[in-house]
Structure formats: structure tokens, C-alpha cells
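Engineer: pasted the sequence and its predicted model underneath.
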Amino acid sequence: MTTKLFGEPVRRREDARLIAGQGRYLDDLGQHALAAAFVRSPHAHARITGINVDAALEVDGLVAIYTWEDLPPGVAEPLPLLIPHPALTHGRTAYPLARDIVRHVGEPIVMVVAVDRYVAEDVCDLIEVSYEFLKPVVGVEAAVSGAHLVHEDVPDNIGAHLVQEVAAKDGRSAAEAIAAAPHTLSFRLDIERSACMPLEGKGVYARWDADDQSLRVYSSTQTSTSVRMALAAKLGIPLPKVEVIAPDVGGGFGVKIVHPWPEEVLVPWAARLLNRELKWTEDRREHFISSAHERAQVQHVKVGFDDEGRVLGLSVEILHDHGAYTPYGIIVPIITSTQLLGPYKIGAYRVEFSSVYTNTVQVTPYRGAGRPQGVFCMERTMDKIAAFLGKDRTDVRAANFIQPDEFPYDQGMIFQDGRPLIYDSGDYPESLRKLKELIGWDEFPALQEVARAEGRRIGIGIGCYVEGTGVGPYEGGHVQITSDGRVHVSTGLTSQGQGHETVFAQIAATELGVPIERVSVVTGDTRRFGYAVGTFASRAAVMSGNAIALACRKVREKALRVAADALEADPRDLEITDGMVHVVGSPSAAIPLATVAVLSNPLRYAFDEEAKRATQFAGSADMNRPPVAEGEEPGLEGKDYYSPIRSTFASGMHAAIVETDPDTAEIRILRYAVVHDCGKMINPMLVEGQIHGGVAQGVGGALYEKMAYDDHGQLLNASFMDFLMPYATEIPRIETDHLETPSPLNPLGIKGAGEAGVIPVASVIAGAIENAEGFPIDRMPISPSELHELRVRPA
Amino acid sequence: MKPPPFDYHAPVSVAEAVEVLAEAGAHGKVLAGGQSLIPMLNMRLAAPAHLVDINRVAGLGEISAGPDGVRVGALARHSQVERSPDACGTLPLLRQALKLVAHPVIRNRGTVVGSLVHADPSAELPAVLALLGGSVRLASRGGEREVAAADFFTGPLESATRPGELAVSAFFPAWPGGTAFVEVARRHGDFAMAGVAAAVRLDDDLRVAEARVACISVGPAPVVVDLTAACGNRPVASMDWRAVVSAVQERIEPEADIHATAEYRRHLTGVLVERAVRAAADA
Amino acid sequence: MHDITLVVNGVPREVRVPARRLLSDCLRHDLGLTGTHVGCEHGVCGACTVLLDGEPIRSCLTFAVTVSGREITTVEGLGADGPSPVQRAFAECHGLQCGFCTPGFLCTTTAFLRDNPAPTDEEVLEGISGNLCRCTGYQNIIKSVHRAAELLAEESS
Ligand SMILES: Cc1cc2nc3c(=O)[nH]c(=O)nc-3n(C[C@H](O)[C@H](O)[C@H](O)COP(=O)(O)OP(=O)(O)OC[C@H]3O[C@@H](n4cnc5c(N)ncnc54)[C@H](O)[C@@H]3O)c2cc1C
Ligand code: FES
Ligand code: FES
């Protein structure tokens, strides 16, 4: 049995329970809990003038009805603004229950508690809320016109405005560089809203223990540690008396990193007040209208370039729609602004964004988190330059690439983590070479000719990106080896299907030299680990992976020390294989880790065989030393944190061949190729899985999914019938190739992989359709109807 | 998304069912496969006081095919009809259409007759019934009546079924020529942005003797157009497609929604008319 | 309230439900079989798919009372001793990530391969076309279905 599991396609350890229907997702818990439901605003913008619950009070099974008036001080306050920023001059967050004004359809107004969800919904139907209508603001351009305001005290609806400039090496500004460039282009790009749309919605289940005066909360969250801190603060319960657990989570993709959601505060609050178990399980309609969306931006681009297509100056103005509130600050447009640069050296760069309020669901990160928009901008720019110069699109990109010998490469900006945007490693020319080979880039024009002769339209597109991953500030890992030889690993961040139980076990098994079967991993349970940031920004493997590796190294060091004592050997001569500590080259002088675990604790009640056996190693105690030496701890456990100086930068390139029907304008992806570099891969099978899933979401964003708001702020497609998440029939087979450029920034040499797949897809598909059709595609997603419109529109 | 409360009735015979329906009047709703009704209940877009579940009614599951056509009972599921060699042998159009109805799992529950009564202007089966000039048999306390397709589909989600009536079966007349059903949906299995069912009969010289189409998603109900004249008794190879297409486009009244503009639907219907007529002539 | 009997995974279960109780909720909350998941409650996602007398149906679009007396198979009942070939194939081919859609895919696939033991790629696509997965991009699910067909063939030979 090998214990070198790092880098192997190890099968997932979470699957045994998940395929058997034995997973424990939020709504699987608390079978006897009361149920909560909410009356939500049917209007995008209105003042609440009255709430009448008379009819509702008659319903059998009703337990409680709460409005904002009922909330105690901590709970009644607006929800926290998680990530402030100096440029966010007008940050606004919602009350957990609307106080007087509702600012989007779906905003919660009344909370109902009843014996079950059916009854709770009956009650909601009978509560009458009266409104005075206010003018809804929909769409970024309408918003910045300032004709109507989402928040009375936010002029022109602008929540944040930020300009970032990187001068050229010769000191020229972007405007100067563009003015002086041999060629210039300017154009506008549009990206519509989509959303994470995990198959499991959000949910909260709370239990108040009146005897113990403690609260246990389960939440389908991407950050249980932060929910815990928020709850302790808001409910005024001492932190040690609050535990938050993320059970199995049915997908997150960003929306569950936002915290605390109104329901995450209200459900525990009411559970304590009522002294009853209480659960809220979000339904699909609620998820559409009251969680979060992302993507929507309008971009105005000006670019100056030379005859080779090298970008001398680039200026981008972004209007970013952040919806009605800004709980997550302006992370998304900041990421767009910085990651727009991709794998390129841009002469001079200026980016300006306005992040604006509209009467729509709030915008917070969705897998990719602003990168798809930035990459759309840059890659469309590259294609336009190539078209203008009559050059191959890959040549223009290659002319702008950062070269392998230029790392670390400083882009001269500040990244989302507040640290300099310095790329750690990468090999972009090699990625491009692999991609061109994989998709058959150079052979494509001949294929296209043949197809054209048959009356078919096919086109090819390409997109490149760089993704900052593994952002700080930290994650921790705890490792304990118990006297049965089992290894218990925990980390505070959470899992939503990424396979952390498997990859973290691989890391621990490799570091400690134990069979993976003996390792168990717990994530997202504050009873096991209290400090964590959360799962987002492709950071889990990098952050917790390294933290667990470091914790394992501590434990290993101690195990060797204890074993060395017992074996009367030098710790430097010892190694661990298969759970046995032994002298290198002399397997007979060995001691099981289980025994070492017993020896590490001076209190040795013989509860089990291992403890009995360990007595033979007990040796002679030195009566002049305390049983636990200074600086030592009983037990075989270790904890460590990993805190990087800055993010590590993964990269990749995608290409696609599409076919458009000349008559119906249907768009079909014939081939999709991915070359991906996330440094060293812990488990290539899982990395591929992440890429497949990301690309599928990208295809959704490119061809199918958008949030269709009408002028009144009504979301017209708040169902899976009309919000078109792709089925298997819409997703092409994805061909992948990998490059492994290790990160020099962390002990394992890894980079994040979680978001990569989704990032360039819209730009790739747009490029391919453009190539098939011969006219620019500047707006995504695109439907057959929209493609048809472009075809027949007067030139 | 939980259904509102209702009084539940589970009659076991047609007689009992129509009795209950008569009592309930306008407050009663029939539950067949539930694949359209239950989503509406879950979203609380419908709240009938009485739900009459016909799934236990005896004798409604029959599918009988004869030379004249196919009669489908109210409890025959889409999948049963789709897999019935008799029904689809007599009328291949049934299978051609049913393959386009939702996904296999939905078809295991949804009923053909339910789809007709539901009368979704984007649904395939109403177009089939309308194209072939079939009919629906409605039972009530007062007896039975047979309503012709032309009178049955009265508007979007509206049929001639009156309160107190139970649709017991539908009759799809046989067609002596070829048929086809083509459509374009956003995703596989979705309701189509436009779709065309065609029935074409060629004469011995392979010229079009008779042709009609029924178009979906371009009007309040399936739009049936007789194209025999527009086809001008020519062989398909030398057809004046422009005339054929415009004969249809004159008749349809597409509307815009979030998936397609009205203009695109008009264009698409034109494309699909040609494809459907060609395919039906080939069949 | 209605007293009904459902034969779930071979075991007759008596339960008292209001007429409006969805089969999905009845299985999950009245019978404690939480392996059947609910992703949309309007028939589109397929997470709630169970077998009714062997045929896959949406349990969110079925009232428990309607199917009283009938046989229901849920994901918990797919394997006799240990996981079934279909379940094993999904684990082997990394056909799941968060696992929320998985019970629906497993039930759908089990019935699909029974009717079509050696499907083509296209038939597999059609067979699973009514189930949404937000995590996997489907590629490994398609692989899993083919692998399951192999495992089933091995098992029956
Ligand atoms: C995800 C999804 C996708 C779908 N896609 C399509 C599609 O592409 N094309 C398509 O055509 N359909 C589609 N459908 C609808 C499906 O075909 C339904 O089965 C059909 O529309 C209704 O049949 P039912 O038996 O389920 O009727 P129910 O839902 O039971 O009833 C529908 C309506 O008809 C009435 N009714 C039903 N039977 C009778 C009767 N015998 N007498 C009197 N009234 C009756 C009911 O009272 C109700 O008003 C889809 C459904 C879903 C959930
Ligand atoms: S929950 Fe039943 S289909 Fe989605
Ligand atoms: S594995 Fe998460 S939805 Fe399919």
C-alpha cells in the first residue's frame, strides 16, 4: 500500500455516503423542527405603509409572526458590510426584515413560524402588506442617469467609484499611450446577469439548548466560522456558546459565502426566543429573488496598439450593477479591473468603474467573481485587434504575453486581497502551444472552407486568463493521531462538493506516512476548528491544504521525537511508512503511530489494547522533570496556519469550435478544449471535474442563462423552466490538457482550480460565433433570437 | 413552494368522477398526470377548492388503434402512447410529437389528454390534434359530447372543457400520407420557441396533393394552415417555398417573450414549415 | 388527513398525510428517507426522481395519496447489499461532486439501463436529459452511465 498519494487520482471518500442517499444536507436535518417562511416583497421599490396579519392569525398550526418591529436591537440593525473599501463611499446593506422601504422583489418583510412549511406558506398568503409605490431603477444606465434613486441618500445611485492607473514604462498615461499609438479602437461590451444557482438552495436550522444556554446552528454556508461570529455578536451570546456547522452542502459557487443572510440571523434568534428547533429551507423561487446574482456589466473600451498588435495603452470604463445592496463590498468590480490584464503585458492601463445601485437582487461573487467580465473585455479586445490588423488571433495574444523568464511579474496594481498584483509563475507560450495543438488551430481554416462549401457555418474562438487564487489572509489545520492509530484532520473552511475530504486526506496521508483509510477529515464545523475564512476564490486547496500539511509536519516531528525516545534512536534516523515509525533501513526497529500516540500522553488509563501495549515502552520516568515537559503538550496533535504573502496565479486557455445554423440561428458547440495550469495537482481527477463543471457554467453564461428583469424590476424568469441552466444535452465534451508550473509561494507548490473552468467561456464562444458569422459579438449571453437579430439588422 | 390545501377526491369510476365534478363546479379541478397542474399548485398560481384525482378511475388507460385513427384514454401516459406500436404504427406523428414533449421522466406521468385540456399554445399534442382534425370526448353528469379540435382550443391555456366535465379520451384520425414534427427549443426538452407539425399527401406522381401544418408558440392556440393551394400540386423539389412560407406567416400571430422576439418566431416558423413539409413528404 | 400505504424499497409503510403532501416531502419528512432531494419543486431539475413501480417519475410533481398502494424505489433502495452497479459506477467515474443531484441521476439511470442495457452516447444523453447538475458538467456522469452498463453486463454474465 502506498502512502504517497499526493498527485494521484484517488477516488473520493465522500462518495460512499452520497451515492447511498446517506448524505446529510441541511433539509435532511431537524425532521421535527418548526418551519419558517417569509412574506417577500412583490414590488421592486415601495414604502411599506401597513402590515395586516388578522386573517393569518386564524390558521391552525401557526406559531409566530415577526416583522421588523419585533426584532431586538442587535438583530434589527442593517446586516454587516463585510468588506468595506475606501472607494465604496455609499455602501448600504439591508435590514434582515424590511424596515420601511423594500428595494427589490423578494426582500423579506415578515417571518412566519409554523408547524410545517405548508402551513407557514398558508399563513404568508393571508398576510396583507400595503405599499406606496416608488419608482424602480432597473439597468445600470438608467441608474447612473440619477432620474430615480434606489437609496434616497445615494446621488446618481453610485455606491462606489474607483480609478486605477498603471503608467507605461516611459511614464505615459493610458490616455497618452492610446493617443500616440499607431492604431486605436473603441467599442462597448455588455454582459448580462446570471447566478450561482446551486442545486441545493440555502437553509438554516437552529437549536437552542436552554439548559446549557448554548446555540447550535446548521447552515448551508461556505463559511461556518464567520456565521458563528456574526451570530454571537448579533444575538449577544458568548462565542464559546455558539457552534455553527456546515453539513453536506449541495453546491455553493459563491452565493453561500455571503453572511450572515437575513435568515441566518432570524432563524437562530427565533429558535432561542421560542425555545423550539426551527428550520428554514430556501425554495427555488426564493433563491431566484432573494439571494444573489452576478456578472452584469457595461464596459466602454479604448485601446491603442502597434502593427504587431502589442497593446500600448488600454482604457476601460465599467458600469457595474451591484443590485440593491452591497454586503460584499466591491470585490467583483475590483477583480474585473485587475484580472482583466490576463497573461498580458499592457503598456499603460487605466480602469475606472462605477458600481451602481438598481432595484434588483444584490450582486455578490459567483464562481469566477468578476473575472469572466474582465476576460471578456480583454479577449474581445485581442480579437478586435487581430481583426483590424488582419492577423491570426493567437499571434496577437502571443505578442502580448508575459514571458516565462519574467516571473515574478508585477502588474503594478493592487489585487482583491489588498496586496500587490504580482504573478508568481506561469508559462503562457507553452499553454498556447498545447491549446493550438489540442484544438487543431492551424488546421481550422481549411475545415472552415470545407464546411462553407457545404453551406455550413463553423467558427473557432480562443480565450486566455490568469486567475489569482488562494487569497489570504489565512486558513488553519488541526491534526490529531489518537491511540487507535487514526488520524483526525480538521480545517475551518467548508466544502460544497469539491472533494476536500479526499484531497486533504491525501495530503495528510502523504505527509504522515499513513494509509489514507486511517485519515478522516472534517470541514466547516466550528466545534472542530474555530478560525477560518471560508471557501471561495479557489482558495481551499491552497490555503487549507498547506495549513494541513504544516500541521502534519508538526505532528510528524513530535511523533518522531516520542518514538525516538522509545526506540532509543535519533529522530533524524526515523521515518514513517504505513503508519509505523521505524529506523530507516531497519524495519524491525519499529513502533506503530498508535503506540506513539499513547506514549505522547502521560495519563495512560488502559482503555484499549494499544494503551496496554504501550506500557512496555513506558521506560523510566525522570523524577526531576514534570511528566509533561516545558513547551510540550500531552497527546499527538498539531495545529498550524498558512498565511501567504499574496495570492498565487493559476492560468489557462480555452478554445472552442461552434456551428451556427444559417437558417434557425441555433448555436452548437462542436468541440471545446482546455489547457489548464494550477501548479501541482493534488488529485488530477478532481481538477478535471472542477474544470468540467466550470466550463458547463460558462456555457450556461454564454448561451443560455440570464436574469430577465423587466422595467418594473420584476424578474420574469424566476424558475428553472425559464432560467435556462444547461442539461447534459447542451454541454459539449470537454477535452483537457494540463501544465504544472508549481507555485513558489507555498510549501506544496499548488494553485487554486475551483473557478478556472468558467472564466473565459463567454469570450471563447463569442469569438467563435464571430468567426463563424463575420460580424462582431459584443454582448453575452447570446440566444438564437439575438443572433438572428444581428444577422438581419441593417449593416 | 408547497401546494395550498384542497379537498381531495379519488373517484374510481367515470360516473363517480363526473358526479364529484358536478358538485364542485367551478371550484373543481381534475388531476391527471399532474405535470402541469402540480407545478402551478406548488407555485400557488392555482388554488382549486376541490381536486378530483382521476388516477384510480377504471377504464381510462386505454389506447386503441384502428384504421380510422387512434383513441387515447385520459389516463394513457405520454410514454405509453409513445411506446405503443399500434398507436404509432397507425399514426407515426404521435411518436414524432411525443419525443419532443419534455423529458422521458415527465412523459412517464403526463397524459396526452391532460396536455390537450391544458391547451398550452406551445405544447405539441394540441397541434397534432388540430392538424389531424381530431376531437376530445367530454363526459359530464348530463352525458358525453365530442368536441372537434377546431372548437376545442379556445385560447392560451383555455379549452372548451366546462366546469363539471371530464375529458375521457381523445381521437386522433389517421392520415393517409406522411407526417413530421420539427421544432426549435432553447434547451432539449423545453417548450419550443416555434414548432411545426406537417401532414402531407403525395399523389401517384409524387406531387403534393394535400398539405397542412399546425404551428405552435405563434398564437393563442395551435395555428392550422392548409397549404394545399400554396403547394400548387407540385413535387417538393420544385415547390415555391416562398409562397408556402408566406401562406403560413400571414396567419400566425407570434409574440415576444424573454426567449425570442416576435420577428424571430415568425422567421423561425417559416424555416420550420419548409423543413416539416419536406420531411413529411419524405416520410 | 389520509391514511395511505406506500411500499417503499420493498417495505410497506403506513403513513397519515394531508392530501397535498408531495411524495417528495412524504418520503423525506414522513418516512425519513432523505436521500431523495428537492431542487426546484416544479419538475425541471430531476433531483427528486424516484421509481414508481419501476418507472422514474418526479416525486415533487406527485401527491403521496395518488400513489397509495404502489411500489416506490428511492436511492436508499437501489443497492441490495452494498451499492448497486450504477452507484458504484458513479463513484468510480467521479460522476458526482456535491452529490445533490446524484440520487435523481441514479434512479433515472437505473431504469434507463434496465430498458436499454447497451446504450449509445446519444441514447445516454436523451436518457439523462431531464436531470440538472450544476457541478459536474455532465461529462463524468455520461461516463458513469456507460460504466454502469458495463458493470451490469459483467454482473449478469
Ligand atoms: C419540466 C416540464 C417540461 C415540460 N415540457 C413540455 C413540452 O415540451 N411540451 C408539452 O407539451 N408539455 C410539456 N410539459 C407538460 C406535460 O406534457 C404535461 O404532462 C401536460 O401538459 C399535462 O398533462 P398531465 O396529465 O400532467 O395534466 P395535469 O397536470 O394533471 O393537468 C393539466 C390541466 O388539465 C386538466 N386536466 C387534465 N386531465 C384532464 C381530464 N381528463 N379532464 C379534464 N381536465 C383535465 C387539469 O385539471 C389541469 O388544469 C412539461 C412539463 C414539465 C414539468
Ligand atoms: S425537485 Fe422535482 S424536479 Fe426538481
Ligand atoms: S453534483 Fe452537485 S449538482 Fe450534480
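Structural biologist: It's in. Ligands and ions are numbered 1, 2, ... in the order given.
Engineer: any idea what residue 194 is bridged to?
Structural biologist: Going with chain A. Beta-bridge pairing for A:Ser194 (DSSP bridges): A:Glu294.
Engineer: chain B, not that one
Structural biologist: B:Val184.
Engineer: neighbours of it, how many?
Structural biologist: Neighbourhood size, B:Ala194 [other C-beta atoms under 10 Å in any protein chain shown]: 27. (Glycine included, C-beta is placed from N, CA and C.)
Engineer: and A:Gln22, by the same measure?
Structural biologist: 15.
Engineer: give the buried residues for the helix or strand where A:Ile548 lies.
Structural biologist: Using DSSP states H and E, A:Ile548 falls within helix A:540-567. By 16 or more other C-beta atoms under 10 Å in any protein chain shown, the buried positions in helix A:540-567 come out as A:540-553, A:555-556, A:558-560, A:562-564, A:566-567.
Engineer: does it come close to chain C?
Structural biologist: No - if you take C-beta under 8 Å from any C-beta of the partner chain as the test, helix A:540-567 misses chain C, and the best it gets is 13.2 Å.
Engineer: how is the chain carved up into domains?
Structural biologist: Reading this off chain A. Split into domains by automatic domain parsing, chain A comes to A:33-134+A:196-290, A:163-195+A:293-471+A:645-792, A:472-600+A:635-642.
Engineer: switch to chain B, please.
Structural biologist: B:7-53, B:63-173, B:178-282.
Engineer: including distance to ligand 3 and mean pLDDT, could those domains go into a markdown table?
Structural biologist: Output for the domains of chain B, formatted as a markdown table (distance: least, C-beta to the nearest ligand atom, whole Å; pLDDT from 0 to 100):
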| stretch | distance to ligand 3 | mean pLDDT |
| --- | --- | --- |
| domain B:7-53 | 20 | 97 |
| domain B:63-173 | 16 | 97 |
| domain B:178-282 | 16 | 96 |
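Engineer: out of these, which is closest to A:Thr394?
Structural biologist: domain B:178-282 (32.0 Å; C-beta to C-beta).
Engineer: that older thread, between the domains of chain A, which gets nearest to ligand 1?
Structural biologist: domain A:163-195+A:293-471+A:645-792 (6.5 Å; C-beta to the nearest ligand atom).
Engineer: so which bits of chain A are right by ligand 3?
Structural biologist: A:Leu199, A:Gly251, A:Gly497 (C-beta under 6 Å from any ligand atom).
Engineer: ok, A:His712 - contacts?
Structural biologist: Contacts for A:His712 (C-beta atoms under 8 Å, 6 or more residues apart in numbering or on different chains) come out as A:Ala44, A:Pro136, A:Val138.
Engineer: can you classify it as helix, strand or coil?
Structural biologist: coil (DSSP: H, G, I helix; E, B strand; the rest coil).
Engineer: just give the nearest non-adjacent residue to whichever residue of chain C sits closest to chain A, would you?
Structural biologist: Chain A sits closest to C:Gly35 of chain C, with a gap of 2.0 Å, by C-beta to the nearest C-beta. Leaving aside its sequence neighbours, C:Gly35 sits nearest to A:Gly21 (C-beta to C-beta, 6 or more residues apart in numbering or on different chains; 2.0 Å).
Engineer: ok, now which ones touch A:His676?
Structural biologist: By C-beta under 8 Å, 6+ apart, the neighbours of A:His676 are A:Ala650, A:Gly652, A:Val687, A:Ile691, A:Thr736, A:Asp737, A:His738, A:Leu739, A:Ala753, A:Ala756.
Engineer: at the geometric centre of the chain, which residue sits there?
Structural biologist: Reading this off chain A. A:Phe536 (3.3 Å; C-alpha atoms, centre = their mean).
Engineer: oops, wrong one, chain C.
Structural biologist: C:Cys107 (2.5 Å).
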